[in-house]
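Peer 1: My questions concern the predicted model and sequence given below.
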Number of protein chains: 2
Amino acid sequence: MDYLKKLSINMKRFEKNLFDLAKIGRNEHGGIDRAFGSSEDKSARAWLKDYWTDMGIDVRMDEMANLWGELEGTEELAKIAMGSHHDAVPNGGMYDGPLGVLMATEIAQTLIDHHITLRHPLSLVSFTGEEPNEFNISTIGSKAVSGKLTVEKLRNTVSVKDGRPFAQAMSALGGDIEKLENVKIDKGEYAAFLECHIEQGKRLEKRDLSCAAVNCITGIYREIIRVTGEANHAGTTLMQDRKDALTASAEYILGIEKILKNMNDEEVTGTIGCISMLPNSANIIPETVEMMLDLRISNFEKKKTFLQCVSDLQTRIEESRGVKITRTINLDQPHTVMDEQVVKAIQDAIVQAGQPEITLVSMAGHDAANMASVTRSGMIFVQSVNGKSHCAEEFTKISDIEVTANAMLKAILLLDERLDRETKPKTMKGD
Amino acid sequence: MDYLKKLSINMKRFEKNLFDLAKIGRNEHGGIDRAFGSSEDKSARAWLKDYWTDMGIDVRMDEMANLWGELEGTEELAKIAMGSHHDAVPNGGMYDGPLGVLMATEIAQTLIDHHITLRHPLSLVSFTGEEPNEFNISTIGSKAVSGKLTVEKLRNTVSVKDGRPFAQAMSALGGDIEKLENVKIDKGEYAAFLECHIEQGKRLEKRDLSCAAVNCITGIYREIIRVTGEANHAGTTLMQDRKDALTASAEYILGIEKILKNMNDEEVTGTIGCISMLPNSANIIPETVEMMLDLRISNFEKKKTFLQCVSDLQTRIEESRGVKITRTINLDQPHTVMDEQVVKAIQDAIVQAGQPEITLVSMAGHDAANMASVTRSGMIFVQSVNGKSHCAEEFTKISDIEVTANAMLKAILLLDERLDRETKPKTMKGD
């Protein structure tokens, strides 16, 4: 095993692949247009298929257009999978998704170069449609393989942009929604899934670290807040006689911000990202305002405290301003705990690379969260410069990518060594 | 003149007319639908034309569909006009507009009943399209007669709802935009214009008064405020690293409200009635917010102070939140001072009716503001219950209407007596 410790990836080759794949969908603003179902999505999949095939890997695309590459193992064991996705938000960056797919590719290529065959069969995967898209389903591929979609839902899904059926977009990529059942992963089929992703935040940058293990993927809680006041003439209604839904909403927005800042927790965020108002006329006092709050939190006690503070805020505003505030839960997705053994392997690998053993909560959703319901799932985050993502300015330094890729290679080797010695794979779904 | 002091209007007849005219456009919610250019607008005009004709009045409709009724005077003098408008906002009330037209009608009818002929010829008028409408021109008729419109502008005006040309709507009412020049009032043609209107606010109700003279019609100042922050991931961006355009806007909205409340002036109001946001997506931190501020103020010093406070607020928010705020003037319409002699006549008449001699600033625009550029112009406000207007709940008590109509009758008699003894009519445009 000693020579394995000295094994390292080929950063020049990896870098060339990153920039080659980034040519597909590069627009005039420097961003990447490669949304689910687009011709660029199809081209990127074809590029990967050709690349993996040239590496001597067995490539197959499943009926949801997930691309899989497989290397045999020396033992009859469940597979270890690694990968991410290759689609992008409109005018997105070149790292979000492809970095994880190409890191898995580079690790496989390094093993092939050195004629190393793992005990476990090794799978590469690029999942279909991870990003928000015109069909309003994200992490399509990993939801499909982990049994979180139904044919009925997909049959009824159409593009919010042009009404095109989801089935048509999937079939343009070579998939077939009617065969959704075929793509489901059997429990026990995989021993583990590892995903590398850019952090998309500033925690690693602030600590001057290249990478860290993810111990949990955040819960997402969304509320629709409706503030109802009283429409009235903007000129003739005295300031003290108003029930202005917008000034009440402004107090609510600042109140939420204050509660969150007081919590002073890097792993709690809250955002009001949507607002609409009626009648929205220059000379009429606002009657109703509707807003959407997005809360990212992974601790039930903290969530309870937050919601209690919001209730108190609501009561104060209703009483002082004579408005009515209703709050409706729109989404209440629990956090997903990453598998302990996978986290440990990543941490051990990171420590070997000379970095401290910290863990981070992922504040965004990822394919790894879906995979956690069918196998041991884990993630490694690599530093994002300035925390930027989903934009052309998204950037990660090659030096950080190299440290992370070598750590991920080590983690795969450690898992291959440690797993399936005594225990059987089991489900690790966050509570 | 003594018998004139005892002269009074017939409230039963006036009330019947109010409710008869309110049948035109009454909808299932109890509101009035009688927007400019609608069939109800046409029907209301026809109703008035028939009613005035039956009274023995000479009726004519000008080329902008303003309806005029004329009674001869005993002397060769400029005319005294009174009236308002008969159109309504969608689902509006039955008093805003028609009350002033029917009060003028009742005053004329009272004079006819008592065989009283004034020194001045007396004109009744119901102006076309006073309210905001689908063509985005309000006070159409009074703008036209006072020379504030051009044929070019009207030729290029279309409905924002369905693209129908303004010319077509006008011609459906029997008007002709190509003949706009014909409707212009010559200076010297009118000795005075008086309009009664509901207050649409609570100042009279708070003072338990039926009516008051208006001394000024408010200036309206509108600014478009654009707050630019930075779009970013709602989950992965730490609370302290955000440049959230919405939280910054919330601070701005509350700041404006605080400045206005500190001014503590019944005749200053400010409203942010429009808001829009980009990208307006649940999981993205708001990048830009655009808002419209509507300020009603009639004192240049106070306006200057307000704007200085807003500039200070802007700087504070830009510095503390790292956002950029730009403000663009959208409208800067000065206030219009009402004619001193007309205000005095109304006040004298109100005092005779046993009420105190207060004056109010009109916080909404009215036809009387346009008329002020071509003749002596004045207004009398009647109490609005609960300050409501532009809605089905708009209500004014019959007892207040009666007091006001009698005061307005007296004011007309006083003006007929006082005007054109020595001086010639002159222009009284607010500065």
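Peer 2: Received it, and whenever you're ready, just let me know what you need. Numbers count the residues shown, from 1 in each chain, chains lettered A, B, ... in the order given.

Peer 1: When you work out contacts or count neighbours from here on, use the C-alpha atoms and nothing else.
Peer 2: Fine.

Peer 1: Mind telling me which residue of the stretch 101-250 of chain A is nearest chain B?
Peer 2: Residue nearest to chain B within the stretch 101-250 of chain A: residue A:250 (4.3 Å; C-alpha to the nearest C-alpha).

Peer 1: Quick check: phi and psi at the residue lying farthest from the centre of chain A.
Peer 2: Ranking residues of chain A by C-alpha distance from their mean position (C-alpha atoms, centre = their mean) puts residue A:236 at the top, at 50.6 Å. The phi and psi values for residue A:236, taken as degrees, to the nearest 10, are phi -90, psi -10.

Peer 1: my guess is it contacts residue B:365, does it?
Peer 2: No - with the criterion set as C-alpha atoms under 8 Å, residue A:236 and residue B:365 do not qualify as a contacting pair; they are 10.1 Å apart.

Peer 1: ok, back up a step: give me every residue that touches the residue farthest from the centre of chain A.
Peer 2: Taking C-alpha atoms under 8 Å, 6 or more residues apart in numbering or on different chains as the criterion, residue A:236 is in contact with B:199-202, B:269, B:362-364, B:387.

Peer 1: Go through those residues and flag which are in helices.
Peer 2: Here DSSP state H is the test, and the contacts of residue A:236 give no hits in helices at all.

Peer 1: what's around residue A:326, how many residues?
Peer 2: Neighbour count of residue A:326, defined by other C-alpha atoms under 10 Å in any protein chain shown: 12.

Peer 1: Excluding chain neighbours, give the residue nearest to it in space.
Peer 2: With C-alpha to C-alpha, 6 or more residues apart in numbering or on different chains as the criterion, residue A:326 has its nearest non-adjacent residue at 5.2 Å, and that residue is residue A:226.

Peer 1: tell me the pLDDT at that neighbour?
Peer 2: In the predicted model, residue A:226 carries a pLDDT score of 98.

Peer 1: Domains in chain A, by residue range?
Peer 2: A:2-217+A:335-418, A:219-333 (automatic domain parsing).

Peer 1: and residue B:84, which of the ones you listed is closest to it?
Peer 2: Comparing the domains of chain A by their distance to residue B:84 (C-alpha to C-alpha), the top pick is domain A:219-333, with 18.1 Å.

Peer 1: Contacts only, for the residue nearest to the spatial centre of chain A.
Peer 2: For chain A, the residue nearest the mean C-alpha position is residue A:366 (2.6 Å; C-alpha atoms, centre = their mean). Residues near residue A:366 by C-alpha under 8 Å, 6+ apart: A:130, A:139, A:217.

Peer 1: So which of these belong to strands?
Peer 2: residue A:217 (DSSP state E).

Peer 1: could you redo the contacts of residue A:366 as a markdown table and give each row pLDDT?
Peer 2: Below are the contacts of residue A:366 laid out as a markdown table (pLDDT from 0 to 100):
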| residue | pLDDT |
| --- | --- |
| A:130 | 97 |
| A:139 | 96 |
| A:217 | 97 |
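
Peer 1: what number of residues lie near the one residue in the stretch 301-431 of chain A that gets nearest to chain B?
Peer 2: Using C-alpha to the nearest C-alpha, the point where the stretch 301-431 of chain A gets nearest to chain B is residue A:363, with a distance of 4.8 Å. By other C-alpha under 10 Å, the residues close to residue A:363 number 29.

Peer 1: For it, give me the pLDDT.
Peer 2: Checking the pLDDT column for residue A:363, the value is 96.

Peer 1: phi, psi of it?
Peer 2: phi -90, psi 0.

Peer 1: Check whether it really touches residue A:296, as I assumed.
Peer 2: Yes - contact status for residue A:363 versus residue A:296: in contact at 6.6 Å, counting by C-alpha under 8 Å.

Peer 1: list residues touching both of those two?
Peer 2: With the criterion set as C-alpha under 8 Å, 6+ apart, the overlap between the contacts of residue A:363 and residue A:296 is A:218, A:267, B:235.

Peer 1: now, which of these sits nearest residue A:285?
Peer 2: Looking at the shared contacts of residue A:363 and residue A:296 and their distance to residue A:285, the nearest is residue B:235, at 33.1 Å (C-alpha to C-alpha).

Peer 1: and that closest one, that one's in a strand?
Peer 2: No - per DSSP: H, G, I helix; E, B strand; the rest coil, residue B:235 lies outside any strand segment and is coil.

Peer 1: What's the local residue count around it?
Peer 2: For residue B:235, which is what you asked about, the neighbour count (other C-alpha under 10 Å) is 27.

Peer 1: Quick one: the strands in chain A, in order.
Peer 2: In chain A, the segments counted as strands under DSSP E are A:58-61, A:67-71, A:79-85, A:122-127, A:190-198, A:211-217, A:219-228, A:269-278, A:288-297, A:324-333, A:336-337, A:359-362, A:377-382.

Peer 1: how about the nearest residue to residue A:345, chain neighbours excluded?
Peer 2: Once flanking residues are discounted, residue A:345 sits nearest to residue A:411: 5.1 Å by C-alpha to C-alpha, 6+ apart.

Peer 1: what sits against the one you found?
Peer 2: Applying C-alpha under 8 Å, 6+ apart, one finds that residue A:411 lies in contact with A:342, A:345-346, A:348-349.

Peer 1: cool, residue A:296 as well?
Peer 2: With contacts taken as C-alpha under 8 Å, 6+ apart, residue A:296 has the following neighbours: A:218-221, A:267-270, A:363, B:235.

Peer 1: Just to check, residue A:392 is in contact with residue A:92?
Peer 2: Yes - if you go by C-alpha under 8 Å, residue A:392 and residue A:92 touch, sitting 5.6 Å apart.

Peer 1: which stretches of the stretch 1-150 of chain A have low pLDDT?
Peer 2: Across the stretch 1-150 of chain A, the ranges flagged by pLDDT under 70 are A:1-2.

Peer 1: Could you pull out the helices in it for me?
Peer 2: Along the stretch 1-150 of chain A, the segments classed as helices by DSSP state H, counting those that start in this stretch run A:2-5, A:11-21, A:39-54, A:98-113, A:140-145.
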